[in-house]
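Student: test case, fold it:
(one chain, ligands or ions: 2)
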Amino acid sequence: MTEAAVNIEPEFEEVSLSEGSQRQRSSSDSIACRICQSATEKSRLISPCLCKGSLRYVHRDCLEHWLSRSGLTHCELCLHRFQTYTTLRYGCMESLCVWYRHPGNRGLLVSDALIYAVLSFICFILTMICILVLRFQSTHRNTLQETLASTAVVCFLLLVLIVYLTNLFVLAKDHIIPWYRWWRASRRIRLSEITLEESSGSSLVV
Ligand SMILES: [Zn+2]
Ligand SMILES: [Zn+2]
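Tutor: Ligands and ions are numbered 1, 2, ... in the order given. So this is what the prediction gives:
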């Protein structure tokens, strides 16, 4: 299965806390989020760490996005550790859409769907042939030889169905297992209520 598919991530501009703060220093003294740089009302910003001045303000969504992207749970500048928890990044159906939006996974799905269609067609034709042979033999089953022939046809039909279902299972497994592992491992880091309460309290002091 595709190794590259594990690296599926939504596209967005990656800005580190330190890069954002560099831009912040060069801007005016209006209050802006230190990650996305957009000037915002102070009530919509939080100051969840020990950074001082204009560097202390950040959107909650921007910070959670940055934490999820970087995998860190502390501020890059003051090293303050945030109280966090993780949630799944995507719901089940959303994760399937994101998974198959990836060209490698989509290509594999198309090729496996073609294989599945061919196998289904072959299995259908063989099953119909076996059924016709059995119906013909049921009207002429007089000798031991014909009875044995009917038994052989039934065994062949069972073998065809077992091979078909086994291939179907393998094809499905090759898709389901990598997607499921990626889906469960794709997590979003969230700030806990404790961190948010602390940040709102410290904002009021300024
Ligand atoms: Zn922001
Ligand atoms: Zn900080």
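Student: what's the next secondary structure element after the lengthiest helix in the chain?
Tutor: When the chain is parsed with DSSP state H, its longest helix is helix 144-185. Later in the chain than helix 144-185, the nearest helix or strand by DSSP states H and E is strand 187-191.
Student: tell me the average confidence for the longest helix of the chain?
Tutor: Helix 144-185 carries an average pLDDT of 91.
Student: in this protein, where is pLDDT below threshold?
Tutor: For the chain, applying pLDDT under 70 flags the ranges 1-30, 140-142, 199-206.
Student: which bits of it sit near ligand 1?
Tutor: With CB under 5 Å from the ion as the criterion, the chain meets ligand 1 at residues 33, 35-36, 59, 62. (Glycine included, C-beta is placed from N, CA and C.)
Student: most neighbours of all these, which one?
Tutor: residue 35 (23 neighbours; other CB atoms under 10 Å).
Student: now do the longest helix of the chain: which elements does it pack against?
Tutor: Counting contacts by 3 or more CB pairs under 8 Å, 6 or more residues apart in numbering; DSSP states H and E, helix 144-185 packs against helix 92-101, helix 103-138.
Student: for those helices, give me JSON lines that also has mean neighbour count.
Tutor: JSON lines is the format used below for the helices and strands packed on helix 144-185 (neighbours: other CB atoms under 10 Å):
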{"stretch": "helix 92-101", "mean neighbour count": "14"}
{"stretch": "helix 103-138", "mean neighbour count": "13"}
